[in-house]
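1. Okay, sequence plus prediction incoming.
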Amino acid sequence: MLKEFCEAFLYALLERNGVLYLLLGLCPVICAPKKPGRAARLGFTVGVTAFLSAIILFPIQRFILTPTGFGYLRLPVFVAAILAISRIVGILFKRDLKGESGAPAAANCAVLGIVLICTDANFTFLRCVASSLGASVGFLLATMLLTAARMRIDDSALPDAVKGLPASLMAASIVSLSMFGFSGVAGGIFG
Amino acid sequence: MSKFEVFRDRIFKKNILLCMSLGLCPALAITTSLENALGMSAVVAAVTLASCVTVAAMRNFLNSGSRPVSITLVISGYACAAAMFTHMLAPKLYDSLGVYLLITETSCMIHECAESAAEGDGIGFAAVDSIGAGIGYAIALCLAAAVREIFGGGSIYGVEIPILSRFKVDFFVTAPGALFVFGLLCAVQKKLALGRKEVNANA
């Protein structure tokens, strides 16, 4: 059981990293944080929201929506639940999660993406917990990595056309490429 | 600002994907082929138009507290309907877009358009604004998809290109390739915009 947990955790953290492999939740990561402290807070809040949402919505999807034939209403139900959970997390950590355009946390692709991926497939509850935990920590990791890369870019002399967003995207591309080095790690350690 | 100016700005000067970097997440992930990009653009444009018109119609009933929640729920309803229509009309597209089709709901682009519709000057403006945004999104998406499909898959819209199909570069169809291609496109757009500004300054 521990082996399954660790394998799913590492798989979601390193091999299928939400931001760097599945490209979920890029907008807030690439646009918003310029300081490590803010990036860590963003990553932490999104991670907690995603983890809580996934473990709360997994039973709702499995035991209420699917048996009663309302599976097609998954999206509105998930979005409403994520809105509520993100508000609670915001109150708990005294921080309202805002996207670039002022959209609430449900508008964060990372949260909805992690929840959809962790509840969609034929996962057991244990695997759902491990995957969502891995994906949440993975989001924090990716946010910190990309912010660090961005701080280096801001200090360097670049052509005007490449400054800002284009340079951030290209740096993210290199960071993402480096994550490919971890492919096969989860299966390799525990396989 | 006239309706035409709003429309034109959304396509080039304020292109939602390349300048404002909104709605990047689903866009980057699905641009592995032109077919996916066209399907995705159609879905996103339809959802944007429908949600913006709805939000603009009910803007007088929304206050600042209820607005974000209402907008999110309106968009999620339309996104759910769009996913069901896609499943019915184009099951192959539905399978290849996968989870990213549902994630259009969280696309910051649709939220941004809906927010401006809620503050804007009526249904007509909201419709023009969202159609412009949809076309701008489609152009950026198709450009990126074409680059990635030509160099990564050696084909264009499923038709093989004779020489390139022997020299496929796998990098372009992976996630880093997507980020790199979008970075390049943003740089090109910025260069064009800067060039135009310099010309205007000299004139």
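-> Yes, it's here.
2. pull the CA atoms of the helix or strand hosting residue A:118 into CSV?
-> In this assignment (DSSP states H and E), residue A:118 forms part of helix A:109-120. Written as CSV, here are the backbone C-alpha positions of helix A:109-120 (Å, rounded to 0.1, in the frame of the first residue of the first chain):
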residue,chain,number,x,y,z
CYS,A,109,-6.7,25.8,-14.4
ALA,A,110,-4.4,24.0,-12.0
VAL,A,111,-7.0,23.4,-9.4
LEU,A,112,-9.7,22.2,-11.8
GLY,A,113,-7.2,20.2,-13.9
ILE,A,114,-5.8,18.4,-10.8
VAL,A,115,-9.3,17.7,-9.6
LEU,A,116,-10.5,16.4,-13.0
ILE,A,117,-7.4,14.2,-13.5
CYS,A,118,-7.4,12.8,-10.0
THR,A,119,-11.2,11.9,-10.0
ASP,A,120,-11.7,11.0,-13.6
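3. so how many other residues sit close to residue B:46?
-> Close neighbours of residue B:46, defined as other CB atoms under 10 Å in any protein chain shown, add up to 19. Backbone N, C-alpha and C define where each C-beta goes, glycine included.
4. Which pLDDT value belongs to residue B:35?
-> For residue B:35, the model assigns a pLDDT of 89.
5. For the lengthiest helix in chain B, buried residues please.
-> Ranked by residue count and defined by DSSP state H, the top helix of chain B is helix B:175-202. Judged by neighbour count (16 or more other CB atoms under 10 Å in any protein chain shown), helix B:175-202 contains these buried residues: B:175-187, B:189-190.
6. If we go by neighbour counts, what in the least confident helix or strand in chain A by mean pLDDT is buried?
-> Lowest by mean pLDDT, DSSP states H and E among the helices and strands of chain A is helix A:26-31, with a mean of 76. By neighbour count on 16+ other CB under 10 Å, the buried set for helix A:26-31 is A:26, A:27, A:28, A:29, A:30, A:31.
7. which of those residues come close to chain B?
-> Contacts with chain B within these, counted by CB under 8 Å from any CB of the partner chain: A:26, A:27, A:30, A:31.
8. In a markdown table, list these along with distance to residue B:136.
-> Below are those laid out as a markdown table (distance: CB to CB, whole Å):
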| residue | distance to residue B:136 |
| --- | --- |
| A:26 | 18 |
| A:27 | 16 |
| A:30 | 19 |
| A:31 | 18 |
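9. Any stretches of chain B with poor pLDDT?
-> Along chain B, segments meeting pLDDT under 70 span B:198-203.
10. where do the helices sit along it?
-> B:3-11, B:24-30, B:34-57, B:67-89, B:91-97, B:99-103, B:108-119, B:123-148, B:175-202.
11. which residues sit in contact with the closest residue to residue B:41 other than its chain neighbours?
-> Excluding its sequence neighbours, the residue lying closest to residue B:41 (CB to CB, 6 or more residues apart in numbering or on different chains) is residue B:138, at 3.5 Å. Going by CB atoms under 8 Å, 6 or more residues apart in numbering or on different chains, residue B:138 touches B:37, B:38, B:41, B:42, B:45.
12. Residue B:29 and residue B:178, how far apart?
-> 7 Å (CB to CB, to the nearest Å).
13. and for the two, which residues touch both?
-> With CB under 8 Å, 6+ apart, residue B:29 and residue B:178 have common neighbours residue A:23.
14. so how far is residue B:191 from the residue nearest the centre of chain B?
-> Nearest residue to the geometric centre of chain B (CA atoms, centre = their mean): residue B:137, 3.2 Å. In this view, residue B:137 and residue B:191 are 21 Å apart by CB to CB.
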